[in-house]
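[1] Here is the input, now give the coordinates:
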Amino acid sequence: MASERYTWGEEDLEASVLAYIEMKRKSESNENFSKLSYYKKLGEKFGRSPKSFEYRMQNISYAYHTLGREWLKGLKPASHVGTKKLQQIIELIFIHDKETFEEENKEFEIQVENILEKGISTQPDGTKKPIKTIRQIITIARDPKIKAYILQEAKGICEVCEKSGPFPDSKNRPYLEVHHLKPLANGGSDTVGNTVAVCPNCHRELHYSRDKMTVLEEIYKKINRLIKE
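    Numbering: from 1, shown residues only. Next up, the predicted model:
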């Protein structure tokens, strides 16, 4: 078994968040389950003790608490978690357990829409180190010009599968999403060199696929503007 000094990576952290969300949903629907069985399963997969995963779950509870959201009963929030790790956990919660975050991004999306309507003639520089602030939640400042430019240049075609967006959005444009290849919470830049326009299916593949690292490498080879960070 691996030492308890083992460093938590993206894969085991994401697996912990996914397990937490699954337990939380079962709890909310009054479905019987064993927390310990989840800890043991994760421990067997990643070579850590069940106790280490129990404490990580308490860190996830703290992330929910920081977001002002309900946390899983029986997993009291544990605040002893580094700022960077907390940022990663919060980003994973935003990805996997969405509530109504539209208000948080409303101003940003309005800016993106205004830029798209006017068009953007030059490639924006973006930000190598986006500013991070802590309010009730941790947020990372994004440049609306980056998203607008990436969507504009994609012209409704997914940069991964090269198919048109699956449906028209509210502005009658083929719907695409913008993905940062190295997550902002992990120190990724908000630049065109770290960002792609993708359809929802390819976006989920980049997050969940068993072969997501292979897909990522293929994207870097395929798109010349991208810079591996």
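
[2] From now on I want contacts and neighbour counts done on CA atoms only, so please keep to that.
    Fine.

[3] I'd like the mean pLDDT over the lengthiest helix in the chain, please.
    Scanning the chain for the helix with the most residues, using DSSP state H, yields helix 10-28. Averaged over helix 10-28, pLDDT sits at 91.

[4] can you check stretch 33-40 too?
    On average, the pLDDT along stretch 33-40 is 96.

[5] What lies in contact with it?
    Under the contact criterion C-alpha atoms under 8 Å, 6 or more residues apart in numbering, stretch 33-40 has outside partners 19, 23, 26, 49-51, 53-54.

[6] So what touches the longest helix of the chain?
    By C-alpha under 8 Å, 6+ apart, the list of residues contacting helix 10-28 from outside reads 32-33, 35, 38, 42, 46, 53, 56-57, 60, 71-72, 89, 92-93, 96-97.

[7] rerun that using 6 Å as the cut-off
    Applying C-alpha atoms under 6 Å, 6 or more residues apart in numbering, the contact partners of helix 10-28 are residue 72.

[8] Now do the buried residues in it.
    Buried residues in helix 10-28, counted by 16 or more other C-alpha atoms under 10 Å: 12-14, 16-21, 23-24.

[9] With distance to residue 207 as extra columns, can I get the residues you listed in JSON lines?
    Shown next, in JSON lines, are the buried residues of helix 10-28 (distance: C-alpha to C-alpha, whole Å):
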{"residue": "12", "distance to residue 207": "13"}
{"residue": "13", "distance to residue 207": "13"}
{"residue": "14", "distance to residue 207": "10"}
{"residue": "16", "distance to residue 207": "14"}
{"residue": "17", "distance to residue 207": "13"}
{"residue": "18", "distance to residue 207": "12"}
{"residue": "19", "distance to residue 207": "15"}
{"residue": "20", "distance to residue 207": "17"}
{"residue": "21", "distance to residue 207": "16"}
{"residue": "23", "distance to residue 207": "20"}
{"residue": "24", "distance to residue 207": "21"}
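
[10] Closest one of those to residue 205?
    Using C-alpha to C-alpha, residue 14 comes nearest to residue 205 of those, at 14.3 Å.

[11] and residue 214, how many neighbours does it have?
    For residue 214, the count of nearby residues is 11 (other C-alpha atoms under 10 Å).

[12] wait, residue 158 sits on residue 201?
    No - when contacts are counted by C-alpha atoms under 6 Å, residue 158 is not listed as touching residue 201 (9.8 Å).

[13] distance between the ends of stretch 23-32?
    With C-alpha to C-alpha, to the nearest Å as the measure, stretch 23-32 spans 9 Å from end to end.

[14] Please name the nearest non-neighbouring residue to residue 199.
    residue 176 (4.8 Å; C-alpha to C-alpha, 6 or more residues apart in numbering).

[15] how about the one you found, what does it touch?
    165, 198-199.

[16] cutoff 7 Å now
    By C-alpha atoms under 7 Å, 6 or more residues apart in numbering, the contact set of residue 176 is 156, 158, 165, 197-200.
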